[in-house]
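In: build me a structure from this.
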Amino acid sequence: MTSSQPRGDPLAAVDPSLRRGLSVFVRLMAGRKLTLNWVHFLYGIGRIIQLLAGIGTPSRRIKGKAGEPDVRIWIIDRRARKTTEPTPAVLHIHGGGYISGVPALMFGPMRTLSSQLDCLVVSVDYRLAPWTPFPGALEDNHAALGWLHANAESLSIDPARIAVMGDSAGGGHAAMLAIAARDRGQYPLAFQVLVYPMLDDRTGTIRQPSSPDMGALMWTASANMFGWTSLLGMPAGFASPPYGAVPARVDDLAGLPPAWIGVGSLDLFHDEDIAYARRLKAAGVPVTLELVPGAYHAFDMLVPEAPLSRTFTASWTSALRQAFQAKARVAGQGARNMQETKP
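Out: Numbering: from 1, shown residues only. Sure, this is the predicted structure:
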């Protein structure tokens, strides 16, 4: 749906608790368009952040897909180690519009997650577009998932309780990985947490947001087109993108792992995320959809202490905890059934 309504003050629709700092952002970014020079700048800033934040967080290089470079992963382990039982694991994929970002930006929240859910977190430093177009990043993320499964025993994790999680473009990558994991049938996933995921290359091109307020702040339609074009190696909204590159354009969603999807009402991805959640549900995939009124893209990262941000984070954390607990109950019941059938 195309809206012809004029766009007024972009801050007017924002929840008051989320406005802090946005006025500065609006002044800095007003009229600016994402370019390759900006991408180079953001890439350099990200690497500096990674260098500083990575102190004390171990990383290692694992084998990538055959013929592809090794993949760097970061291991975040705040597990209590109270028992010898294997724990769940989360494969985390960072955001950045497919063209920027580093795992270090989410080290803080992932450390909290590891402690709260007593799980291992592995974050992937996947290759970025436009230097590496699709499917380079997908293969890096799939290699990391394979590494988790292959090393489950030494890592003390339960291969039946591995979830994938990502925010923004990381959420798009997480959705791509869930589809690839289903199609390839090698490494099962227990759950997918898609935080305001970037799922549809048509948004901002042939498909416009249903409200003029969506995408007015943070991640805009023009930035979206730039990010998708960089990833796909063809114009965003092209008639025939590579299969699996655009989750919203994959016809068959049946058999995917249960999902949590969350997005704000002012986020450019609002409409596409709701549409994807509905399609998952129609395909028989259990879905929890969290909608946040008055919230823009990445609001929880900019104002993490706001009540809306805390509720949002608590929602996906709770969904992840419940998914892990459900898998543990199923495994426990299976073990009991096997004991009862023994002669």
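
In: where do the helices sit along the protein?
Out: 22-29, 36-53, 107-117, 136-150, 152-155, 169-184, 221-232, 270-282, 299-302, 307-341 (DSSP state H).

In: in PDB, list the C-alpha atoms belonging to the third one.
Out: These are the backbone C-alpha positions of helix 107-117, laid out as PDB (Å, rounded to 0.1, in the frame of the first residue of the first chain):
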ATOM      1  CA  PHE A 107      28.400  -8.600  23.400                       C
ATOM      2  CA  GLY A 108      26.700  -6.900  26.400                       C
ATOM      3  CA  PRO A 109      23.200  -8.300  25.800                       C
ATOM      4  CA  MET A 110      24.600 -11.700  24.700                       C
ATOM      5  CA  ARG A 111      26.600 -11.900  28.000                       C
ATOM      6  CA  THR A 112      23.400 -11.200  29.900                       C
ATOM      7  CA  LEU A 113      21.600 -13.800  27.800                       C
ATOM      8  CA  SER A 114      24.200 -16.400  28.500                       C
ATOM      9  CA  SER A 115      23.900 -15.800  32.200                       C
ATOM     10  CA  GLN A 116      20.200 -15.600  32.400                       C
ATOM     11  CA  LEU A 117      19.400 -18.700  30.400                       C
END
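
In: may I see the buried residues of it?
Out: Under the neighbour-count criterion of 16 or more other Cβ atoms under 10 Å, helix 107-117 has 107, 109-110, 113-114, 117 buried. Glycine gets a C-beta too; all of them are placed from N, C-alpha and C.

In: and it, how far out from the chain's middle?
Out: Centre-to-centre, helix 107-117 and its host chain are 15 Å apart (Cα atoms, centre = their mean, to the nearest Å).

In: who touches it?
Out: 53-54, 57, 74, 76-80, 88, 90, 92, 119-121, 123, 313, 317, 320-321, 324 (Cβ atoms under 8 Å, 6 or more residues apart in numbering).

In: got the angle for that helix vs helix 36-53?
Out: For helix 107-117 against helix 36-53, the angle by axes from the mean of the first three to the mean of the last three Cα atoms, to 10 degrees is 50 degrees.

In: tally of neighbours for the residue lying closest to Ser100 once chain neighbours are set aside?
Out: If the residues on either side of it in the chain are set aside, Ser100 comes closest to Leu42, at 4.1 Å by Cβ to Cβ, 6 or more residues apart in numbering. As a burial measure, Leu42 scores 18 neighbours (other Cβ atoms under 10 Å).
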